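Chemist: Could you look at this predicted model? Sequence included:
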Amino acid sequence: MTGTYPHTRLRRVRATAWSRAMHRETILTPADLIWPLFVTEGRGVEQAIASLPGVSRWSVDQIVARAEEAAELGIPCLALFPHTQPERRSEDGKEALNPDNLMCRAIRAIRDRLGDSIGLLTDVALDPYTSHGQDGLIDDAGYVLNDETVEMLVGQSLNQAAAGADIIAPSDMMDGRIGAIRDALEDEGHVNVQIMSYAAKYASSFYGPFRDAVGSRGLLKGDKKTYQMDPANTEEALREVEMDLAEGADSVMVKPGLPYLDIVRRVKETFEVPVFAYQVSGEYAMIEAAVAAGAADRDAMVLETLLAFKRAGCSGVLTYHAAHAARLLHGRNA
Ligand SMILES: NCC(=O)CCC(=O)O
Ligand SMILES: [Mg+2]
């Protein structure tokens, strides 16, 4: 296939900017970005998160302002996560079922202001609501119970859908939850509410700052290795994705992002479905730490890492850099 030098010079098409633009295989646009936002109680509140420099928790009114900003930047979708007050956390995480919880209030407030002009993806898992920080219900030994948890997740999903969520995104890694949630959504008439499954979510060391952001880091005892995947595995990721698609997932997610682009590529090539990836909090923090240490140029690194997700086969990326990246892509100074 490849010719021989000097007839073939691969540098020939790289010689000018116009030619590089013409030969570019992958393009990143603001429509490829999903912006995760943390919601907290109060009015006019912005709380910085020390381990995620540049990311804040916002009260509902401020989240609405962020949603307007996102819509203006051409970001198609927000991912919402609540910072639940400690007194509303419990062993069984039942605040997840409260129709007036932070998540539902944020959904309704954004919907009231912006209608259908921005998508709302809502996290389904119990970790923002449990007093022990695990994603599900636990037994006396601390083991996360699958089927009992799935029942709660179904209730949580219906609660979010009733508030106006567009995409239910279960991040809990229980078996069988996609089918159970899909059935319940159909029964309740939410036929156009999508499910984006966190299908291949790994038990990763990259989630630390997120746990600070939702307030579960200090509560969590032990780890999540009995339900999240072993970072050593890739065949198992294909089985996870296959099952979630069979159960009715509209799209699947791989998480974390950059260290798992091989998984993205295998999933995309195997199933040819929409694949998303989450550039998680620890990845964001690594970039910001490199910038703070003078080791990297933020703008270039943000755009290069996001482009890498597209090149690997992603339809889009959840990233805390979404607004910044969108401004860069519009050629505006961030
Ligand atoms: N369920 C969502 C997450 O766990 C996010 C992790 C992160 O950003 O580190
Ligand atoms: Mg699964």
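Modeler: Right, received. Where do you want to start? Numbering: from 1, shown residues only. Ligands and ions are numbered 1, 2, ... in the order given.

Chemist: Centre of the chain to the stretch of helix or strand A308 belongs to, how far?
Modeler: Under DSSP states H and E, the secondary-structure element containing A308 is helix 298-312. Taking C-alpha atoms, centre = their mean, to the nearest Å, the mean C-alpha location of helix 298-312 is offset from the chain mean by 16 Å.

Chemist: And for stretch 248-258?
Modeler: When C-alpha coordinates are averaged (C-alpha atoms, centre = their mean), stretch 248-258 and its chain have centres 9 Å apart.

Chemist: tell me the average confidence for that stretch?
Modeler: Averaged across stretch 248-258, the pLDDT comes to 98.

Chemist: Same check on stretch 302-319?
Modeler: When the per-residue pLDDT values of stretch 302-319 are averaged, the result is 98.

Chemist: Using neighbour counts, pick out the buried residues of that stretch.
Modeler: Residues of stretch 302-319 classed as buried under the neighbour-count rule (16 or more other C-beta atoms under 10 Å) are 302-303, 305-310, 312-314, 316-319. Placement of C-beta: from N, CA and C, glycine included.

Chemist: Out of the residues you listed, which is nearest to R12?
Modeler: Taking C-beta to C-beta as the measure, R12 sits nearest to L307 out of these, at 22.9 Å.

Chemist: Leaving out chain neighbours, which residue sits closest to the closest one?
Modeler: Computed as C-beta to C-beta, 6 or more residues apart in numbering, the closest residue to L307 that is not its neighbour in sequence is L28, at 4.9 Å.

Chemist: Let me know the next secondary structure element after the lowest-mean-pLDDT helix or strand in the chain.
Modeler: Taking mean pLDDT, DSSP states H and E as the measure, helix 208-214 is the helix or strand of the chain with the lowest mean score, a mean of 95. Downstream of helix 208-214, the first helix or strand assigned by DSSP H and E is helix 235-246.

Chemist: how distant is that following helix from the center of its chain?
Modeler: Helix 235-246 has its C-alpha centroid displaced from the chain centroid by 18 Å (C-alpha atoms, centre = their mean).

Chemist: now do stretch 157-172
Modeler: Centroid displacement of stretch 157-172 relative to its chain, using C-alpha atoms, centre = their mean, is 14 Å.

Chemist: Spell out whether it and ligand 1 are in contact.
Modeler: Yes: interface with ligand 1: stretch 157-172 contributes S171 (C-beta under 6 Å from any ligand atom).

Chemist: Kindly report the same for stretch 320-334.
Modeler: No: with C-beta under 6 Å from any ligand atom as the measure, stretch 320-334 is seen stopping short of ligand 1, the closest distance being 7.3 Å.

Chemist: Buried residues, that stretch. List them.
Modeler: Those would be Y320, H321, A322, A323, H324, A325, A326, R327, L328, L329, for stretch 320-334 by 16+ other C-beta under 10 Å.

Chemist: about what we covered before: for the residue nearest to L307, what are its contacts?
Modeler: L303, L306, L307, K310, A325, L329 (C-beta atoms under 8 Å, 6 or more residues apart in numbering).

Chemist: So the last one versus ligand 1, what's the distance?
Modeler: If I follow you right, that is L329. Applying C-beta to the nearest ligand atom, to the nearest Å, one obtains 22 Å for the distance of L329 from ligand 1.

Chemist: And the helices in the chain, which stretches?
Modeler: Listed from the start of the chain, the chain has helices (DSSP state H) covering 17-23, 60-73, 102-114, 146-163, 177-187, 208-214, 235-246, 261-271, 281-292, 298-312, 322-329.

Chemist: hmm, back to that, let me know the closest of the contacts of L28 to L258.
Modeler: Of all the contacts of L28, the one sitting nearest L258 is L306; the distance, using C-beta to C-beta, is 9.9 Å.

Chemist: what's the spacing between the closest one and E151?
Modeler: L306 sits 37 Å away from E151, taking C-beta to C-beta, to the nearest Å as the criterion.

Chemist: Also K224?
Modeler: When distance is defined by C-beta to C-beta, K224 is 20 Å away from E151.

Chemist: and these two? which has more neighbours close in?
Modeler: For the pair K224 and E151, the greater number of neighbours falls to K224 (21 against 14), based on other C-beta atoms under 10 Å.

Chemist: I figured that one hits D135, correct?
Modeler: Yes: A contact is recorded between K224 and D135 when judged using C-beta atoms under 8 Å, the distance being 6.8 Å.

Chemist: what do these two both touch?
Modeler: The overlap between the contact sets of K224 and D135 (C-beta under 8 Å, 6+ apart) consists of V144, M173.
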